[in-house]
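Chemist: Build the 3D model from these lines:
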Amino acid sequence: MNNIHIPPVVKNLLIINVLFFAAKYVLLNANIDLDRLLGAYYFDSQYFGIWQLVTYMFMHGDFMHIFFNMFALFMFGGVLESRWGAKRFLQFYVITGLGAVALQMAVQAYEVYNITGAIYNNPIQLEFLKNQGVQGYINIGGIMDAQKQTLMGIYGFPMVGASGAVFGLLVAFGMLYPNTQMYVMFIPVPIKAKFLIPVYILMELSLGVARIPGDSIAHYAHLGGALLGFIMVKLWGDRNNDRFYTYYE
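Modeler: Prediction:
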C-alpha cells in the first residue's frame, strides 16, 4: 500500500467528496439539507443558486453513489493527472462537470418548454409538504398528471454527484489508452477500452431517451460530461510538452 501513488488533485478531490458526504449526514441532525443547498436545481427553480453549478459535483445521494464515483476517479483520474499534470487535470475535471450540468439543464428546459411553452418564469407554484419524506404538488391547470410529476421533478429536486466529470475521465482514458484491457462485472473476459467505453456511452444515451419510470439518474449529465471530455482531448491534442509538470521525478 505504501507504493500506491495518488496524484495531488485526485487525492484532494477524494478527500473533499468524502468530507462533503460525511457532513451531509452530520448536518441532517441540525435540519440542514446540504443536497438542497449545494445540489444543482433547474435554473428557473426557486431553489437554484449559481454556486450549485460547481458544488453539485461534491454531493452524492448514497454510499454506493459516492463509492463508484470515487473508485472511478481514483482508477482513471490518477492516470490522467499523472499524464497531464495537476493544473490541466483540474481544468478538465471542472469543465466536464460544468458540461454535464449544462446539458442536463438544456434537456430540462426542452421538457419544460414542451409542457408549458416557456423555459423561464413559468406560472408554476411548487410547494413541498413534510409527510413521510418530501412530497409536493404543482398548482397549474391544463396539463396531465404525468407532466405535473415531470415538472415537480425538474423544479423541486436537485442533481448531485460527480458522475458527469467521471464520464469525462472515462472518455479521455478510452481515447488516450484505447487498447487497455478492462474487466466488467459478470463478464469473464477483458474488453479493450476503445470498445467498452463507447458501448457504455450508448447505453446512457438509450436510457436517457427511454425515460424509464422511476429512473432518477441524470443520464444526460453523464453524456454532457462525456461530450466535453471528447472535445477537450481533441482540442488539447495531448502533446507531451503541454504538461505542466511530471510526476515520479
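Chemist: As a check, name the ranges of all helices in this protein.
Modeler: 8-28, 34-38, 52-55, 63-72, 78-84, 86-116, 145-156, 163-176, 193-210, 219-236 (DSSP state H).
Chemist: between those helices, which gets nearest to Met182?
Modeler: The minimum distance between Met182 and the helices of the chain falls on helix 193-210, with 5.3 Å, by C-beta to C-beta. All C-beta spots, glycine's among them, are computed from the backbone N, C-alpha and C.
Chemist: I'd like the distance from that closest one to the chain centre, please.
Modeler: Chain-centre distance of helix 193-210: 15 Å, with C-alpha atoms, centre = their mean, to the nearest Å.
Chemist: and Arg83, how many neighbours?
Modeler: When neighbours are defined as other C-beta atoms under 10 Å, Arg83 has 19 of them.
Chemist: For it, which non-adjacent residue is closest in space?
Modeler: Closest residue to Arg83 apart from its sequence neighbours, by C-beta to C-beta, 6 or more residues apart in numbering: Leu176 at 7.0 Å.
Chemist: so who does Leu98 touch?
Modeler: Counting by C-beta atoms under 8 Å, 6 or more residues apart in numbering, Leu98 touches 53-54, 228.
Chemist: Tell me the most packed of the residues you listed, by neighbour count.
Modeler: Neighbour max across those (other C-beta under 10 Å) = Leu228, 25 neighbours.
Chemist: mind checking how far that one is from His222?
Modeler: Leu228 is 11 Å from His222, where distance means C-beta to C-beta, to the nearest Å.
Chemist: what touches both of the two?
Modeler: With C-beta under 8 Å, 6+ apart as the test, Leu228 and His222 both reach Ala100.
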